[in-house]
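let's see this in three dimensions:
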Amino acid sequence: MFEWVSWLGLALAVVIALVAVVIAIGVLSLIVRGIARLRPGVYATLAPTRRRLRVLMALLAVWAAISITLPVESMRDVIDGVLLVLVIATSGWVLIAVINLLLNRTLTRYPTDVPDNRAARRIRTQIQLIRRILGAVIIIVTIGAILLTLPGAEALGASVLASAGLVSVVAGIAAQSALANVFAGMQLAFSDAIRVDDVVIADGEWGRIEEITLTYIVVSIWDQRRLVLPSTYFTTTPFQNWTRNATELLGEINFDLDWRVNIDQMRVHLKKIVAESDLWDGRTANIQVVDATGGFVRVRVLISAADSGAQWDLRTHVREEMVGWLQQKDSAALPRTRVLMVDNEARGRTKGSVEPQERGLFSGSAEADARRQEFTGAIPVQDNVPENLVGPEETDADEAQTSTAKRVTND
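Purely as a prediction, here's the structure:
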C-alpha cells in the first residue's frame, strides 16, 4: 500500500507541487498577456517581478509538500527553519520588485523627452529617492525577520536593547556626517531645489544632475566626466541652476571693437545669422554698446535659445560668423592701438626756448678760468739746473735759445 509519508511520497509530492506551480504560472502569464494587449509594454515591465514570484511560489509549494510527507520528524525543524529563511528572503526580494514596478509605472506618466519637463524631472528625482529609502527599509526588515527565526535571537535582541543607549550615542557621533548628507538629500529632493537632468554649475563645472542618492549627487560634466559631490554641498554652497523654472536661456557674446564700427550693419547681419540657424528660438537677438573705455567700444550680442546646449552652440556659431563678417565687410571696426607721435613737437619746444648755459669745470666762472690756467698755461723754465744733469743736446738748445733772446733785446 502506497504511503505519502515516505521518501517516495516526498519525491512525488515535490514533483506534484512543482507541476502545480508551473500550471499556476502559465495561467498568470495568460492573464498578463491579455492585459498587455490592451496596454502595450506592461508584459515587459513585469518580467523582473514574474521571475521572482515564480521562485517564491516554488519555495512555498515545496515547503508545503515537505511538511506533509517528510518521513523523519527529527529533520523537520531544520528543514522548516531553512525553508522559512529562504521564503522570508525571497519575499523581501519580491516586494522590492513590486515597489520598483509601481514606481516605474509612475515614471512612464512623466516623460522627460519633452520641451517643458520640469515637473517630470521633479517627480523622477523624488521617486528615485523613495525607491532607495524603501529598498533600504525592506532589506533591514527582511534581515531582522530572518534573525528572529534563528535560535538565540531573543537573547541577542535583549542584549542589543540593553546597550541601545550607548550604541545610539556612538552611532550618532560616528554617523553625523552621513546623517547630515541623508537629510540634505531628502531636503533637495522634496524642496525642488535641484532635480535629475537639471543643468547646474557646481564647483566651477558645468553639467547635468545625473543621479541623486541619499548621501551624494552625481553631476555629468559636459566633457563626459562625473563630478560626485556630497548632498550637503548643495544645501550649504551657492550654485547655479539653469533649468529650475524653465530651460530657455539668454547668452551673450562680447566684442572689443574700434570706434569706427558700424553698429547698424552689425544688427542687420545678426538678424540674418539667427534667422538661418535652427538653434535660435526666435525670442531675443539684439546688439548693444555696453562700454566705451580704453580706446575700444564693447559691443554685446544677446541671443536666446531653447536650452543650454543649443545656447552654447548658437553662441559659438554667431561668434564665428561675426568675426568673419568683420574681417571681410567692416575691417575698420577691427580693434587698433593708436600711438601719438610727439617727437617734432618736443624738438620745436627745445629750439624756441633759451636755456641757461651750464657752468663747466674749466669755464663760466673765475674759479674755472683759474683752474684752466693751472692746467693749460705756459710751463716756466728752470734756470738753475746742474750741468751734470743736462745732456749735450739740451745744452746746445739752451745756448741757441739764449742767443736768440739776446738778438731780440738788441733789436
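
residue ranges of the helices in the stretch 51-200 of the chain, please?
76-107, 118-149, 153-162, 164-174, 176-191 (DSSP state H, counting those that start in this stretch).

next, format those helices as JSON lines and append mean neighbour count, distance to Ile16 and mean pLDDT.
(Each C-beta comes from the backbone N, C-alpha and C, glycine too.) As requested, the helices of the stretch 51-200 of the chain are arranged in JSON lines below (neighbours: other CB atoms under 10 Å; distance: least, CB to CB, whole Å; pLDDT from 0 to 100):
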{"stretch": "helix 76-107", "mean neighbour count": "15", "distance to Ile16": "17", "mean pLDDT": "85"}
{"stretch": "helix 118-149", "mean neighbour count": "16", "distance to Ile16": "27", "mean pLDDT": "80"}
{"stretch": "helix 153-162", "mean neighbour count": "11", "distance to Ile16": "34", "mean pLDDT": "48"}
{"stretch": "helix 164-174", "mean neighbour count": "10", "distance to Ile16": "48", "mean pLDDT": "49"}
{"stretch": "helix 176-191", "mean neighbour count": "16", "distance to Ile16": "49", "mean pLDDT": "75"}
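
out of these, which is closest to Arg260?
Distance to Arg260, taken as CB to CB, is lowest for helix 118-149 among the helices of the stretch 51-200 of the chain, at 46.3 Å.

and that closest one with helix 76-107, angle?
Orientation check (axes from the mean of the first three to the mean of the last three CA atoms, to 10 degrees): helix 118-149 against helix 76-107 gives 170 degrees.

just the angle between helix 118-149 and helix 176-191, please?
Using the same axes, to 10 degrees, the inter-axis angle of helix 118-149 relative to helix 176-191 is 140 degrees.

remind me what helix 118-149 packs against, helices and strands.
Counting by 3 or more CB pairs under 8 Å, 6 or more residues apart in numbering; DSSP states H and E, the packing neighbours recorded for helix 118-149 are helix 76-107, helix 153-162, helix 176-191, strand 205-212.

including distance to Ala275, could the helices of the stretch 51-200 of the chain go into JSON lines?
Below are those laid out as JSON lines (distance: least, CB to CB, whole Å):
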{"stretch": "helix 76-107", "distance to Ala275": "39"}
{"stretch": "helix 118-149", "distance to Ala275": "29"}
{"stretch": "helix 153-162", "distance to Ala275": "72"}
{"stretch": "helix 164-174", "distance to Ala275": "62"}
{"stretch": "helix 176-191", "distance to Ala275": "41"}
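
Asp256: which of the ones you listed is closest?
helix 118-149 (37.5 Å).

flag every buried residue along the helix or strand hosting Asp264.
Using DSSP states H and E, Asp264 sits in helix 263-275. For helix 263-275, a neighbour-count test (16 or more other CB atoms under 10 Å) marks Met266, His269, Leu270, Ile273, Val274 as buried.

need the contact partners of stretch 108-126.
41, 106-107, 189-190, 192, 194-198, 209, 212, 243-247, 306 (CB atoms under 8 Å, 6 or more residues apart in numbering).

note down every partner strand of the top strand by length along the chain and its orientation.
Longest strand of the chain, by residue count under DSSP state E: strand 280-293. With DSSP bridges as the test, strand 280-293 is paired with strand 296-305 (antiparallel).

what's the angle from the strand it pairs with to helix 263-275?
Using the same axes, to 10 degrees, strand 296-305 lies at 20 degrees relative to helix 263-275.

just the CA trace of strand 296-305, in CSV.
This file holds the C-alpha atoms of strand 296-305, laid out as CSV (Å, rounded to 0.1, in the frame of the first residue of the first chain):
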residue,chain,number,x,y,z
PHE,A,296,37.7,100.4,-27.6
VAL,A,297,33.9,100.1,-27.6
ARG,A,298,32.5,96.9,-26.1
VAL,A,299,29.6,95.5,-28.2
ARG,A,300,27.4,92.9,-26.6
VAL,A,301,25.4,90.5,-28.7
LEU,A,302,22.4,89.0,-26.8
ILE,A,303,20.7,85.9,-28.2
SER,A,304,18.3,83.3,-26.8
ALA,A,305,17.9,79.5,-27.2
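
compute the inter-axis angle for whichever helix or strand comes after that strand and strand 280-293.
For strand 296-305, the following helix or strand on the C-terminal side (DSSP H and E) is helix 308-329. Calculated by the same axes, to 10 degrees, helix 308-329 forms an angle of 60 degrees with strand 280-293.

and helix 308-329, what does it pack against?
strand 249-257, helix 263-275, strand 296-305.

which residue is nearest the middle of the chain?
Glu205 (2.3 Å; CA atoms, centre = their mean).

so who does that residue touch?
By CB under 8 Å, 6+ apart, Glu205 lies in contact with Val219, Ile221, Arg225, Leu227.

now do 6 Å
By CB atoms under 6 Å, 6 or more residues apart in numbering, the contact list for Glu205 reads Ile221, Leu227.
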